[in-house]
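Peer 1: I'll drop the sequence and a predicted model, then ask my questions.
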Amino acid sequence: MKIRDELLLCLVLSLDCISKVNTENQLVNRRRGPDDCHPVVVAHRGASGYVPEHTLGAYALAVTLGADYVEPDLVMTKDGHLIARHENLLDKTTDISQRPEFADRRRSVSILGNDVHLGWYTEDLTLAEIKQLRAMEPNSHIRPGSAQMDGVMQIPTFQEIIDLVKGLEVSVNRTIGIYPELKHGSHFESIGLPMEQAVVDVFHNNGYIGPNAPVYIQSFEANSLKKLKKITDLRLLQLISRFQSLTKDLKEIANYAQAVGPEKSLIIPRDSNNRLGASTSFVVHAHAVGLKVHPYTFRAENAYLPVEFRSNGSDSCFGNLYGELEAFLATGIDGLFIDQPDYLGRLRKSCL
């Protein structure tokens with residue numbers, strides 16, 4: 001526990017330091033907003049390259065590292081609470097398998113006809129039960145430092161994330177955006193736990209209203225976004241995992257969303273040798289129909305980088321993420337999702 005305690009202490013001290021530094025900026029009349037810098041830095045699952053994902057520690061660290069937005073993936077509990085997990089399966093990101101009191105909750109589930117998986121699911125536990133679990137680093141072989149925090153932090157609710165963000169805004173004297181993704185919306189609706197109204201209610205109850213609010217709501221499911229468009233004017237982003245009929249699809253997306261989040265290979269694909277190839281026309285076409293472009297996901301470890309930007313060493317060693325970022329920034333993207341948000345912040349030329 002000594003190493004974990006020291007890591008937590010470092011995080012607390014970093015927050016205190018940021019707060020003291022920003023005391024000097026209190027005379028600034030206008031608080032900087034998350035869209036005032038270009039490109040926009042979206043902290044993917046928080047600062048998930050350093051701290052276990054979707055924890056208050058990951059979101060807090062992301063803010064201290066300069067992120068404009070923090071990105072919580074949202075799923076539902078049995079009693080209808082929104083919590084932050086990458087998926088409703090709890091096996092990889094929590095210590096539930098080590099807790100005998102939940103052994104009888106393990107079951108096989110198929111999400112809307114997809115592959116059946118045996119495990120523990122958020123919809124089978126109440127929020128009180130979820131709060132007994134602790135977060136785990138799902139990629140400990142790539143991120144052994146983050147894994148030192150295993151078993152320390154709770155799984156946060158969406159409301160707790162908002163409360164954290166609002167508190168940190170005072171410390172850093174700038175507005176922090178919130179960029180949730182609704183995960184498995186159709187699945188949750190099919191079991192009587194619709195997500196769209198729930199997330200809108202939380203936002204509206206906390207004063208996030210209108211297209212100028214520091215918010216994007218994202219989903220891979222177009223139907224979910226279309227439902228959201230009917231009940232809120234908060235900004236929406238369509239995630240895209242595959243390249244299909246580019247012009248037609250983007251025109252359709254522009255009818256209900258303000259931005260698009262393509263998998264980054266749709267902008268610059270990799271060749272057979274895992275090197276970056278020539279850029280596509282994706283950004284040009286998206287901008288032509290009025291869509292912002294925020295590709296995903298950028299990571300500093302060798303395991304995730306194109307060959308030409310890898311360093312000597314193991315998959316867990318950091319390579320030249322700056323090189324990959326510069327290649328993508330040259331395409332005209334408006335922002336991006338990144339696990340180590342401090343990297344992109346260092347490349348930005350200026351903020352408004």
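Peer 2: Okay, I see it.

Peer 1: wait, R107 touches Y121, no?
Peer 2: Yes. R107 lies in contact with Y121 (Cβ atoms under 8 Å); the separation is 7.4 Å. Backbone N, C-alpha and C define where each C-beta goes, glycine included.

Peer 1: distance of the closest residue in space to E308 that isn't next to it in sequence relative to T297?
Peer 2: Once flanking residues are discounted, E308 sits nearest to R275: 5.4 Å by Cβ to Cβ, 6 or more residues apart in numbering. Distance of R275 to T297, given as Cβ to Cβ, to the nearest Å: 19 Å.

Peer 1: which one's more surrounded, those two?
Peer 2: T297 (17 against 11; other Cβ atoms under 10 Å).

Peer 1: contact partners for that one?
Peer 2: Going by Cβ atoms under 8 Å, 6 or more residues apart in numbering, T297 touches H44, K264, F337, I338, D339.

Peer 1: okay, it: pLDDT?
Peer 2: In this model, T297 is scored at 98, pLDDT.

Peer 1: same thing with C351?
Peer 2: C351 is given a pLDDT of 72.

Peer 1: how near is it to V40?
Peer 2: With Cβ to Cβ as the criterion, C351 and V40 are 11 Å apart.

Peer 1: what do you get for R85?
Peer 2: R85 is 24 Å from V40, by Cβ to Cβ.

Peer 1: R32 too?
Peer 2: R32 is 12 Å from V40, by Cβ to Cβ.

Peer 1: and these two? which has more neighbours close in?
Peer 2: Between R32 and V40, counted using other Cβ under 10 Å, the more crowded position is V40 (24 against 17).

Peer 1: pull the number of nearby residues for the residue nearest to the more buried one when sequence neighbours are not counted.
Peer 2: Distances taken as Cβ to Cβ, 6+ apart put G335 closest to V40, at 2.9 Å, once the chain neighbours are dropped. Residues near G335, counting by other Cβ under 10 Å, number 25.

Peer 1: check contacts around G335.
Peer 2: Contacts of G335 (Cβ under 8 Å, 6+ apart): H38, P39, V40, V41, V42, D68, K292, V293, H294.

Peer 1: ok, and the most crowded of those residues?
Peer 2: Of the contacts of G335, with other Cβ under 10 Å as the count, D68 tops at 30 neighbours.

Peer 1: what does that one show for phi and psi?
Peer 2: Here is the backbone geometry of D68 (degrees, to the nearest 10): phi -80, psi -40.

Peer 1: ok, back up a step: how near is the residue nearest to V40 to A300?
Peer 2: With Cβ to Cβ as the criterion, G335 and A300 are 18 Å apart.

Peer 1: include distance to K78 and secondary structure when you put the contacts of T297 into a markdown table, please.
Peer 2: Shown next, in a markdown table, are the contacts of T297 (distance: Cβ to Cβ, whole Å; DSSP: H, G, I helix; E, B strand; the rest coil):
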| residue | distance to K78 | secondary structure |
| --- | --- | --- |
| H44 | 27 | strand |
| K264 | 35 | helix |
| F337 | 29 | strand |
| I338 | 33 | strand |
| D339 | 30 | coil |
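
Peer 1: out of those residues, flag the one nearest to A213.
Peer 2: F337 (19.5 Å; Cβ to Cβ).

Peer 1: who does the closest one form a beta bridge with?
Peer 2: V42 (DSSP bridges).

Peer 1: burial count for it?
Peer 2: Count around F337 with other Cβ under 10 Å applied: 26.

Peer 1: ok, now which ones touch it?
Peer 2: V42, H44, E71, G261, H294, P295, Y296, T297, F298.

Peer 1: now the spatially closest residue to the second one that is not a sequence neighbour: how far from E301?
Peer 2: Just to be clear, that refers to H44. Excluding its sequence neighbours, the residue lying closest to H44 (Cβ to Cβ, 6+ apart) is F337, at 4.2 Å. Remark: distance between F337 and E301 (Cβ to Cβ) = 15 Å.
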